[in-house]
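Asks: Sequence first, then the predicted structure:
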Amino acid sequence: MSLAIVHSRALVGLAAHPVVVEVHLANGLPAFNLVGLPETEVKESRERVRAALTVCGFEFPNRRITVNLAPADLPKSSGLYDLPIALGILAASDQLPARPLAEYEFAGELGLTGELRPVRGGIALARAASRDRRALILPMAAAGEAALIPDATVHGAHHLLEVCKHFAAGEMLPVVPTSAMCASTSYPDMADVRGQGQAKRALEIAAAGRHSLLLMGPPGTGKSMLAQRLPGLLPPLSADEALEAAAVQSLSRGGFDPATFGHRPFRTPHHTASAVALVGGGSTPLPGEVSLAHHGILFLDELPEFDRKVLEVLREPLENGHIHISRAAHSAVFPACFQFVGAMNPCPCGYLGHPQKACRCTPEQIARYRGKLSGPLLDRVDLVVEVPALPASALQEARSGDSSKRIRERVQRSHECQVARQGKNNAALQAAEVDMHCTAEDAARLLLAQAMEKLGLSARAYHRLLRVGRTIADLDGAAAIAARHMAEAIQLRRLL
């Protein structure tokens, strides 16, 4: 047989499009041609495959070899085609039975010794293979994450010879068992934070409604400490949310660790991060920090130290919950439903309003520092809270306030109330849904109208205040937004 067909996939964003690897052996001068819009790393598979087959003791055909990756108009990248190409050559040269290959899909990078190395996107590959009712064979290092898909049949292999024995000698590859969600992670306790009652309250409201939050205060007052405790206040991820978060992380260069399945992402990029690092991109689009924080938290410390152009790219994902990346040869959509938390100093030196230390900044320096955060970006932040410096007496007091467990119980009740009423958290409500579900008493509406007029708030801020007021009412167990709920929501936005 001079023709063999092997099934694989091409990753475009979170989608895994089917790719048919067609291998044809013809008479003529020996050659190895790879067609079908392959990128550089795919073209290099010719040398890896040749060396691996030779080292493993197979005969490399001394004929004209043509490998077509169909469809031809779909760009192919990464080294995942090494394994299907090698198997196609063996099947086309009658060194491996070709018929059983049709029931499987393959992905894996080959070492020169035939060792199988992991590839990105195992979860997306397994989901697509399961949908087309085929089993998937992957390197063992990538098979663990692929096995997270409940209905998928995933086989793991360490070496090319193991795969060949599976089809030629009947030595079946093991089926990787489906992984279970990990037990709840141990997060830092909110009771460790001394004082800062308003900031703790804002954090509870942010957790209950998944609202964005900005913490402002001098250095060393506990802004980062508070942000690190937010994951411990949030409800656990559902199975679908955990799979979505894991699927995005499996596409990244760092990959995904199945041991962390079910943990809520908490991303903290450094302020030197570029716009591409934050939202994703590259010649072959990969997810950025906003997507890696999907269903989790994106914490940007020292917010004004980020380049302004970098911060501006957050505006669309904060509003839409996804990011669309377009390049000349690629276009990809990544989910970016994250909870934004920022922290900043009140001025460049950090001591504006500090009770003991004098601020050395001029008004122009302060205006320039705060001007790095544009109005449209700040308009998308729901809560802004001051984290003031504490006196020594407050720091020396014993632990006080509710623990993270107590707060999480209240947050969980609020979350269940929101899901029962509208099927989503309050921060995700659209304008029409706000009118439907965020009913307010007359006194609350009057207070909101006065705040709109005196503070010059936008229409976006109007809806965000209603969402925050609805969350506060949910925590209070109230059916409608009362004046006290709206007053607290306005109070937590007054620094904007």
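Replies: That came through fine. Numbering: from 1, shown residues only.
Asks: drop to CA atoms for contacts and neighbour counts, all remaining ones
Replies: Will do.
Asks: ok now do the residue nearest the centre of the chain, which residues does it touch?
Replies: In the chain, the centroid-proximal residue (C-alpha atoms, centre = their mean) is residue 292; its distance is 2.3 Å. For residue 292, the contacting residues are 245, 248, 249, 265, 267, 336, by C-alpha atoms under 8 Å, 6 or more residues apart in numbering.
Asks: Between these, which sits nearest residue 410?
Replies: Checking those against residue 410 with C-alpha to C-alpha, the nearest one is residue 265 at 21.5 Å.
Asks: Roughly how far does the closest residue to residue 172 other than its chain neighbours sit from residue 260?
Replies: Distance criterion C-alpha to C-alpha, 6 or more residues apart in numbering; nearest residue to residue 172, sequence neighbours excluded, is residue 166 at 4.6 Å. Noted for residue 166: a distance of 31 Å to residue 260, by C-alpha to C-alpha, to the nearest Å.
Asks: before we move on, what about residue 32?
Replies: Residue 32 is 42 Å from residue 260, by C-alpha to C-alpha.
Asks: and if you look at residue 142?
Replies: Distance from residue 142 to residue 260, by C-alpha to C-alpha: 14 Å.
Asks: which one of these two has more residues nearby?
Replies: Comparing residue 142 with residue 260 by other C-alpha atoms under 10 Å, the one with more neighbours is residue 142, at 27 against 16.
Asks: what's the pLDDT at residue 396?
Replies: We have a pLDDT of 69 for residue 396.
Asks: Tell me where the stretch 101-250 of the chain has helices.
Replies: 122-131, 140-146, 160-168, 197-209, 223-228, 239-250 (DSSP state H, counting those that start in this stretch).
Asks: quick one: which of those helices is nearest residue 454?
Replies: helix 197-209 (22.9 Å).
Asks: Show me what that closest one is packed against.
Replies: On a contact count with 3 or more C-alpha pairs under 8 Å, 6 or more residues apart in numbering; DSSP states H and E, helix 197-209 meets strand 213-216, helix 223-228, strand 383-386, helix 404-422, helix 459-476.
Asks: Can you tell me which of these is nearest to residue 118?
Replies: helix 223-228 (31.7 Å).
Asks: Would you mind checking the average pLDDT for that closest one?
Replies: For helix 223-228, the mean pLDDT works out to 93.
Asks: buried sites along that helix?
Replies: Using 16 or more other C-alpha atoms under 10 Å as the test for burial, helix 223-228 gives 223, 224, 226, 227, 228.
Asks: residues in contact with the closest residue to residue 12 other than its chain neighbours?
Replies: Closest residue in space to residue 12, ignoring its immediate chain neighbours: residue 332 at 6.1 Å, by C-alpha to C-alpha, 6+ apart. Residues near residue 332 by C-alpha under 8 Å, 6+ apart: 12, 13, 285, 324, 325, 326.
Asks: in the sheet, who's paired with the fifth one?
Replies: Beta-bridge partners recorded for residue 325 (DSSP bridges): residue 332.
Asks: got a list of what it touches?
Replies: Counted by C-alpha under 8 Å, 6+ apart, residue 325 has contacts 280, 281, 285, 331, 332, 333, 334.
Asks: Of those, which is the most crowded?
Replies: The member of the contacts of residue 325 that has the most neighbours, counting by other C-alpha under 10 Å, is residue 334 with 26 neighbours.
Asks: right, and it touches residue 321 too?
Replies: No - with contact defined as C-alpha atoms under 8 Å, residue 334 does not count as touching residue 321 (9.2 Å).
Asks: how far away is the residue nearest to the centre of the chain from residue 312?
Replies: Counting by C-alpha to C-alpha - residue 292 and residue 312 are separated by 18 Å.
Asks: now do residue 202
Replies: From residue 202 to residue 312 the distance is 24 Å (C-alpha to C-alpha).
Asks: When the two are compared, which one has more neighbours?
Replies: Applying other C-alpha under 10 Å to residue 202 and residue 312 shows that residue 202 carries more neighbours, namely 23 against 15.
Asks: My guess is that one contacts residue 387. True?
Replies: No - with contacts counted by C-alpha under 8 Å, residue 202 stays clear of residue 387, the gap being 10.7 Å.
Asks: before we move on, back to that, of the buried residues of helix 223-228, closest to residue 397?
Replies: residue 226 (17.9 Å).
Asks: Pull the contacting residues for that closest one.
Replies: Residue 226 touches 190, 193, 199, 200, 203, counting by C-alpha under 8 Å, 6+ apart.
Asks: now residue 199
Replies: 215, 226, 385, 386, 387.
Asks: Next: residue 12.
Replies: Contacts of residue 12 (C-alpha under 8 Å, 6+ apart): 285, 330, 331, 332.
Asks: Columns distance to residue 179 on top of those residues, output as CSV?
Replies: Formatted as CSV, those follow (distance: C-alpha to C-alpha, whole Å):
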residue, distance to residue 179
285, 28
330, 33
331, 32
332, 28
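Asks: Have a look at those and tell me the least confident one.
Replies: Within the set of the contacts of residue 12, pLDDT is lowest for residue 330 (74).
Asks: need the strands for the stretch 51-200 of the chain, in chain order.
Replies: Remark: strands assigned in the stretch 51-200 of the chain by DSSP state E, counting those that start in this stretch are 64-70, 104-106, 109-110, 116-117, 135-139, 154-157.
Asks: closest one to residue 366 among these?
Replies: The closest of the strands of the stretch 51-200 of the chain to residue 366 is strand 116-117. By C-alpha to C-alpha, the value is 52.1 Å.
Asks: pLDDT (mean, whole number) over stretch 112-127?
Replies: Here stretch 112-127 scores 94 as its mean pLDDT.
Asks: end-to-end on it?
Replies: Stretch 112-127 has an end-to-end distance of 29 Å (criterion: C-alpha to C-alpha).
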